[in-house]
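Enquirer: missing the sequence, but the structure's below:
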């Protein structure tokens, strides 16, 4: 059995997407890799799970030393749950998700299957990182991001992350990054999200995102808008502690 | 036009579930109600959206004064997005989701479509509350929770909620509540989540939840275990602020 780190990989663009193939190649420099990813695109699946129908996991390839690839009929979160309980030989040292085609900065992370998988691994005590690129180009050049992808993963393999904390890493589409910003989520809003479809009463989801604090230089959106990679630590604990005291009148 | 508050209602158990019918009756005492809910059960859909196929919204009933009911082919988050942009005549004063069959305390909230809808309304600046009952009984008695459901809703209609903050309210299945606890999310974990299905390589999602801090009396799980309703304020901002400084070495 290898004593190299064990790295689990998934995404929400599907097992055949370019982003996960590139991420797999980058991670193979750091450890043994198991890929368990959706059999097709699952964009916008957030932390969704599949409670009503059975989920299938199938070995696609294990011909390369230190690399196994599985396809899964479920959501990204299902992929992580299944991988941890039924596929990997031991608890992984790291879980990475992506590289997503489209950024998951600001509130977009709430909808993201890429980040859903990261939150799931975090819930299971596995240090986890999501990587996303601000592009909708299905074929794009990931080489400008390779150094940061590997550097962040190596940092987490070496230092770990605190309990219930994971990382959301986003890249702007640029020929060369102008830096890395460790930062918070920006406040933002999606607007004008529906266009009428041909059939009356049906609509297609679209819309545009507005950063509600464009001048705040300590946010993920600001970093992306200025050519930098953003690294945002996230917590599973969504409690708004500052609001507990003010609501205590409800206990009466 | 009515000057009563406008209340939007959705859920993830579907527009015909008992929980949403009961919640609608409770809310009609407080204002005019528009229901836009999934056409069938969408449990476990979290903040998932439907980016790839058109979503349909259909009027089911508007024969009662101050009540319109729509069915939607999308997720709970789609329901809220469509309701706000295409259905309601003005921004609602309140959005409520539920009453879910099954609690959404601790990390279960991350998977919950009921709470996904609440987070979505919160992102759009609408004060929002999710209600969930610790039961899987499709037909159960919601009357023990009526007073607290109405009291929390009335409080939010009167006082509002801070920007980017929403409420997660959970009930234990008891003949009479022993109180209300305004509290934080418990740390917890789902385990043994898969059972093999008949066909090899396929699994069904199941599992049991373990509260990782059973002695902490300031958590939602503790409240439910002691016969109390839990009211947990949540924030959209998942940034783990305490981890930003320690990660700054990545900026080098």
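Expert: That came in fine, so what should we check first? None of these values were measured; they are calculated from a predicted model. Numbering: from 1, shown residues only, chains lettered A, B, ... in the order given.
Enquirer: Now name the helix or strand holding residue A:21.
Expert: Assessed by DSSP states H and E, residue A:21 sits inside helix A:18-27.
Enquirer: Packing partners of that helix?
Expert: Other elements packing on helix A:18-27 under the criterion 3 or more Cβ pairs under 8 Å, 6 or more residues apart in numbering or on different chains; DSSP states H and E are strand A:6-10, strand A:32-38, strand A:94-101, strand A:128-133, helix A:146-159. For the C-beta atoms, the positions are set from N, CA and C on the backbone; glycine is no exception.
Enquirer: mind checking which of the ones you listed is nearest residue B:207?
Expert: For the helices and strands packed on helix A:18-27, proximity to residue B:207 was assessed by Cβ to Cβ; strand A:32-38 is nearest, at 17.7 Å.
Enquirer: now that we're looking at the residue nearest to residue A:201 when sequence neighbours are not counted, which residues does it contact?
Expert: Across the structure, with Cβ to Cβ, 6 or more residues apart in numbering or on different chains as the measure, the residue nearest residue A:201 apart from its sequence neighbours is residue B:56 (5.5 Å). For residue B:56, the contacting residues are A:199, A:201-203, B:72-73, by Cβ atoms under 8 Å, 6 or more residues apart in numbering or on different chains.
Enquirer: Tell me which two in those are the farthest apart.
Expert: Using Cβ to Cβ, the two most remote members of the contacts of residue B:56 are A:199 and B:72, lying 14.4 Å apart.
Enquirer: who has more neighbours, those two?
Expert: Set side by side, residue A:199 and residue B:72 give different neighbour counts by other Cβ atoms under 10 Å in any protein chain shown, the larger being at residue B:72 (29 against 9).
Enquirer: Touching, the more buried one and residue B:38? I think so.
Expert: Yes: if you go by Cβ atoms under 8 Å, residue B:72 and residue B:38 touch, sitting 5.8 Å apart.
Enquirer: which residues are in contact with both of these two?
Expert: With contacts defined as Cβ under 8 Å, 6+ apart, the residues adjacent to both residue B:72 and residue B:38 are B:15, B:79.
Enquirer: Quick check: which ranges of chain A have low pLDDT?
Expert: For chain A, residues meeting the criterion pLDDT under 70 lie at A:1-2.
Enquirer: Now do the contacts for residue A:121.
Expert: Neighbours of residue A:121 in contact, by Cβ under 8 Å, 6+ apart: A:8, A:80, A:84, A:92, A:95, A:97, A:127-128, A:166.
Enquirer: Secondary structure element holding it?
Expert: Per DSSP H and E: residue A:121 is located in helix A:113-123.
Enquirer: Okay, angle between that helix and strand A:32-38 too, please.
Expert: The directions of helix A:113-123 and strand A:32-38 differ by 120 degrees, with axes from the mean of the first three to the mean of the last three Cα atoms, to 10 degrees as the criterion.
Enquirer: Buried residues in helix A:113-123, which are they?
Expert: Within helix A:113-123, the residues that qualify as buried by neighbour count (16 or more other Cβ atoms under 10 Å in any protein chain shown) are A:113-123.
Enquirer: Buried residues in stretch A:237-250, which are they?
Expert: Within stretch A:237-250, the residues that qualify as buried are A:237-240, A:243-244, A:247, A:250, counting by 16+ other Cβ under 10 Å.
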